[in-house]
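>>> whatever this is, show me its structure:
(one chain, ligands or ions: 2)
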Amino acid sequence: MAENRSDQENTATGQEILLSSKKDIRNAIIALRGLITKQERDRFSGEITRRAVSLLETRISSGHLKPGAIIHLFRSFGEEVETDFLLERIKDMGFGLVVPIVHHEENHSTLILSSVRRDTRWRPGPFQIPEPYPVVRVDPSIVSLFFLPGVAFDPGGGRIGYGKGYYDRLLSGVRPDIPKIALAFSHQVLEKVPSSKWDIPMTMILTEKETIHCD
Ligand SMILES: Nc1nc2c(c(=O)[nH]1)N(C=O)[C@@H](CNc1ccc(C(=O)N[C@@H](CCC(=O)O)C(=O)O)cc1)CN2
Ligand SMILES: Nc1ncnc2c1ncn2[C@@H]1O[C@H](COP(=O)(O)OP(=O)(O)OP(=O)(O)O)[C@@H](O)[C@H]1O
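Residues are numbered from 1 along each chain as shown. Ligands and ions are numbered 1, 2, ... in the order given. Have a look, this model is predicted:
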């Protein structure tokens, strides 16, 4: 398998084949993720939230994160890791919070970031993902730590999302030393996912079973 992938990358039509294999993995993992029961998803999400909170506490004590620093988190949709509790904890801990918004321009869409404030309200955006309003647009460079969604990951920091390249583009403008921490169920972590030149590697993956430090 691994040999095939690197062969594919070296051929003229490699990118297409590589993307189709990303697509197969994406579909397979989305189907697999749909098999977890609601109870399991809640329990696993609770465990992932505990890991995330303790990581933030450790980083505050070690001085790697300043009190009041800005954290990026996503509102979950469908069968993703449930982030509602983590969102409240981040606010309670006194951090600033930003979330992604799909922003439509004339002929393409990009991700922008909005601050979440005390008076922020939520409404369903594209794909029924809750989006804040009013939008208070902020630059990605103010974010000290990113919690990120995704479909499939590998311990080397590889990530597959929904195939729009939204986060790859957003993160391409973010300093490499800013932690990018994926929140995922353990079955979303595969031995290896195909990678493309534009993929931005994850720093860590938090699952219900373990904290993976990506190499
Ligand atoms: N919670 C969450 N928020 C996020 C992302 C994400 O992955 N998760 N995004 C990361 O980029 C951006 C939105 N990107 C998305 C891109 C494509 C689809 C999409 O194709 N959705 C399918 C359903 C997929 C499913 O069944 O799980 C659809 O609506 O048909 C969804 C979100 C910003 N916000
Ligand atoms: N930095 C970038 N600049 C320009 N195009 C990009 C960049 N990153 C990704 N893309 C484009 O986005 C498309 C989707 O990429 P990919 O399949 O890796 O998405 P993904 O990581 O699964 O999705 P997402 O980031 O939305 O969760 C690719 O066709 C690629 O050309």
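
>>> how about the residues of this protein near ligand 1?
Counting by CB under 6 Å from any ligand atom, the chain comes close to ligand 1 at 30, 74-78, 80, 100, 102, 111, 127, 129, 149, 161-162, 164, 166-167. Quick note: C-beta positions are derived from backbone N, CA and C, even for glycine.

>>> please pick the buried ones from the residues you listed.
Buried members of these, counted by 16 or more other CB atoms under 10 Å: F74, R75, S76, E80, P100, L111, I129, P149, G161, Y166, Y167.

>>> so is the last one in a helix, a strand, or just coil?
For Y167, the assignment made with DSSP: H, G, I helix; E, B strand; the rest coil gives helix.

>>> residues in contact with the closest residue to it other than its chain neighbours?
If the residues on either side of it in the chain are set aside, Y167 comes closest to G161, at 5.7 Å by CB to CB, 6 or more residues apart in numbering. With contact taken as CB atoms under 8 Å, 6 or more residues apart in numbering, G161 is in contact with P149, G150, V151, Y167, D168.

>>> so of the residues of the chain next to ligand 1, which ones are in strands?
If you go by DSSP state E, these have P100, V102, L111 in strands.

>>> make CSV from those and add pLDDT to it.
Formatted as CSV, these follow (pLDDT from 0 to 100):
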residue, pLDDT
P100, 98
V102, 94
L111, 96
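
>>> can you list those in CSV and add distance to E210?
Listed next are these as CSV, based on distance: CB to CB, whole Å:
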residue, distance to E210
P100, 26
V102, 31
L111, 28
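
>>> many thanks, I have nothing further to ask.
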